[in-house]
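J.: Got a predicted model here, sequence first, then my questions.
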Amino acid sequence: MAPSPSSPSPTTPLREPARRRARLLPALAAAVATASLAVISLTGDPAASAQPAPAAAAHTGTWQRTQVPLEKGDLTAVSALSDTQAWAVGYQLKSATSLDAVALRWDGTAWTQESTLPKNSFPQALAVRSAEDIWVVGSATEHWDGKSWTTRALDRDPAGRVVPDAVATAPGGQAWAVGRAMARSVKDGVPAIQLWDGKAWKRQTLPDVGAGELNGVAVVAPDDVWAVGAVYGDDEKPPQTSLLLHWNGTAWKRIAAPDPADAAHWLSGITPLGADDIWAVGGSAVGSSERPYAVHWDGTKWAATTTPDVADGRLRSVGRSADGTIRAVGGKGSAPVTLRWNAPDKRWDMAPGPGVVVRGFATVPNSSRLWVAGIATHGDLVPAVTRYTDAR
């Protein structure tokens, strides 16, 4: 996560998702100012992810730090294919003014550095279809074929330079990247979506929603894709409102979000459990007071769900483990937050947190394990990855 070109004050909720970029040392600001997270992306073909939810089990697991081969930097995204195959991407700080974009691989026992990404990659999001088919997006869009990274140029957009914040794989070798297109800065950015058709990225025509951005994308089927983010307000409107866009195989359409009245709100992450069971999470704010925000799609409409009143409890990602437990993670600064869906009572409850500043979150297919990547809550840019393991 690299710093955004324009940073609002800490008390302003406007464009929070864009501020999910990693805070590198001030001396690096000039080097990464052109860089643009979702940290939830599907692993493998989306259809394989939509498994029936088993009954939720007792929550007896713990978060444990794993050792990473980086002393200083930041890890911005993580994704897993199995308990013995996971990847994380981010930055390794080489000096006060120099860094490398890196990809790490988990083999079931340890993290090792698998590769260095091309210069100026500034990775923000990760989607893994297989060990030979990985997408990373940020200030550039890179593809890993199992041996090397190749930069794949995005299609030109009349609104300006496209900066993708999230990516998800789709059947048939396709992939979707979402973010924003900017003429000058984040302030004039508009939502942008591109489709990799197997040969090139193609710009998608979107409804005109004004200034805004997209921060998450989820693929249910080739004709059922969702993208989430925010629309920026003005002096006569709430400073920010949630944005939900849906692809029906033919066109992108805006779908109404169940926004809280008289509050700013945004969506940062989304995951599909089925065509009629989709979760999206983000934050809402009145003035400088922020809290978690989570909505659910039942196949017909989106509905807001009850979340605890957690200070700085903005959510970034959501996912379901193999035991049926649905968790959402996020937080602001060094105060990470984890919520667990309490289905019988139809509300979100507080749960033990990962103990790191959350950048990326991933479930592990057919496992109760989870991954969170980011930086340590203490220290100066200490890369960290924690794993949730069921103690049973």
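T.: Noted; the coordinates are in hand. Residues are numbered from 1 along each chain as shown.
J.: Please report how far residue 308 lies from residue 259.
T.: 19 Å (CB to CB, to the nearest Å). (Glycine included, C-beta is placed from N, CA and C.)
J.: Also residue 219?
T.: The value you get for residue 219 to residue 259, if CB to CB is used, is 25 Å.
J.: Those two - which one has more neighbours?
T.: Higher neighbour count among residue 219 and residue 259: residue 219, with 24 against 19, using other CB atoms under 10 Å.
J.: how close does that one sit to residue 164?
T.: 15 Å.
J.: Next: residue 76.
T.: 13 Å.
J.: Also residue 202?
T.: 13 Å.
J.: Those two: which is more packed in?
T.: A count of neighbours by other CB under 10 Å puts residue 164 above the other of residue 202 and residue 164, at 29 against 12.
J.: Was I right to think that one contacts residue 141?
T.: Yes: assessed by CB atoms under 8 Å, residue 164 is found in contact with residue 141 at 6.3 Å.
J.: where in the stretch 201-350 of the chain is pLDDT low?
T.: Low-confidence segments of the stretch 201-350 of the chain (pLDDT under 70): 235-238.
J.: Could I get the full set of helices for this protein?
T.: For the chain, helices defined by DSSP state H occupy the ranges 29-32.
J.: which parts of stretch 164-176 are buried?
T.: By neighbour count on 16 or more other CB atoms under 10 Å, the buried set for stretch 164-176 is 164-170, 174-176.
J.: For residue 314, state which of these is nearest.
T.: Nearest to residue 314 among the buried residues of stretch 164-176, counting by CB to CB, is residue 165 at 15.3 Å.
J.: ok, the nearest residue to residue 145 once chain neighbours are set aside - how many residues close by?
T.: Nearest residue to residue 145, sequence neighbours excluded (CB to CB, 6 or more residues apart in numbering): residue 132, at 5.7 Å. Neighbourhood size, residue 132 [other CB under 10 Å]: 9.
J.: can you tell me which residues contact residue 132?
T.: By CB atoms under 8 Å, 6 or more residues apart in numbering, the contact list for residue 132 reads 144-146.
J.: State the distance from it to residue 147.
T.: 8 Å.
J.: cool, residue 240 as well?
T.: Counting by CB to CB, the separation of residue 240 from residue 147 is 42 Å.
J.: So these two - more neighbours on which side?
T.: Between residue 240 and residue 147, residue 240 has the larger neighbour count (other CB under 10 Å), namely 27 against 8.
J.: these two touch, right, the more buried one and residue 264?
T.: Yes: the criterion here is CB under 8 Å, and residue 240 meets it with residue 264 at 4.3 Å.
J.: for stretch 167-174, the distance to its chain's centre please.
T.: Its chain's C-alpha centre and that of stretch 167-174 lie 16 Å apart, by CA atoms, centre = their mean, to the nearest Å.
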